[in-house]
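# model this:
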Amino acid sequence: MNQNTWSVLNISAMLLLCFGLQSCKTEPLTISQKDEKRNEVRKMANQSLEQLYKAHPQARSAVGNAAGYAVFSDFGFKLLYGGAEKGSGVAVNNSTKHETFMKMFELQPGLGLGASKFKLILVFDTADEFNKFVTSGWEAGANLLAGAKTKTEGGAYAGAVTVSPGVHMYQMTEEGLIVGISITGGKFYPDKELN
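Below you'll find the predicted structure:
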């Protein structure tokens, strides 16, 4: 087989693995397991926000004055010609304090090898944008994120990028360092199991 054939086979195998892992069914969670998972997500969200505020103190007012925000912890891997990111998080309506537990998924094309873990924080200026996010989910395509990467914010949104009108995104490493936006596209959707 030539190199192009191996490349296609590797990419196909990676995609099948990713989608296979996504579709695996498990036993339904018990009430105590759901509570435990929700508490883990809340703890991650609080720690991530504190890391953000330490790196950019002005972000506290941006998050606090927004219609809502969402925080995700994401684990990814890359093997040869492709990779994937999978994460969980919570979206909080600042007016009502109502929580919506969420999931995210991203496929990463391109060469690479290794694993990564990072945090995403989305801040929504308007209730409409926030409500669309928590009710029907949100897809951030590669084109949208590629354009956003060149538009870093200042003031209260220092360190963030605007990924669509009224939606700002911070990406941090596990250690809390702002890294710009490295994801190439993602799908965010409500977690049916935890809501």
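# what about the helices in the chain?
3-23, 31-55, 59-65, 127-136, 142-148 (DSSP state H).
# the second one - what's its average pLDDT?
Here the mean pLDDT over helix 31-55 is 94, rounded to a whole number.
# what's stretch 90-103 in contact with?
Contacts to stretch 90-103, defined as Cβ atoms under 8 Å, 6 or more residues apart in numbering, come from residues 38, 41-42, 45, 64-72, 86-89, 122, 127, 130, 133-134, 188-191, 194-195. C-betas here are computed from N, CA, C, even on glycine.
# cutoff 7 Å now
Residues from elsewhere that reach stretch 90-103, judged by Cβ atoms under 7 Å, 6 or more residues apart in numbering: 38, 41-42, 45, 66-71, 88-89, 130, 133-134, 188-191, 194-195.
# in it, what's buried?
For stretch 90-103, the neighbour count (16 or more other Cβ atoms under 10 Å) marks 90-94, 99-103 as buried.
# can you tell me which of the contacts of stretch 90-103 are buried?
The neighbour-count test (16+ other Cβ under 10 Å) applied to the contacts of stretch 90-103 identifies 38, 41, 45, 66-71, 88-89, 130, 133-134, 188, 190-191, 194 as buried.
# roughly how far does residue 42 sit from residue 58?
Counting by Cβ to Cβ, to the nearest Å, the gap from residue 42 to residue 58 is 24 Å.
# what about the chain, any weak spots by pLDDT?
Where the chain drops to pLDDT under 70, the residues are 1-26, 75-85, 107-116, 140-156, 175-185.
# hmm, 90 instead?
Judged by pLDDT under 90, the chain has its weakly predicted residues at 1-29, 55-56, 73-87, 104-120, 136-166, 168-187.
# if anything else comes up later, I'll come back, but that's it for now.
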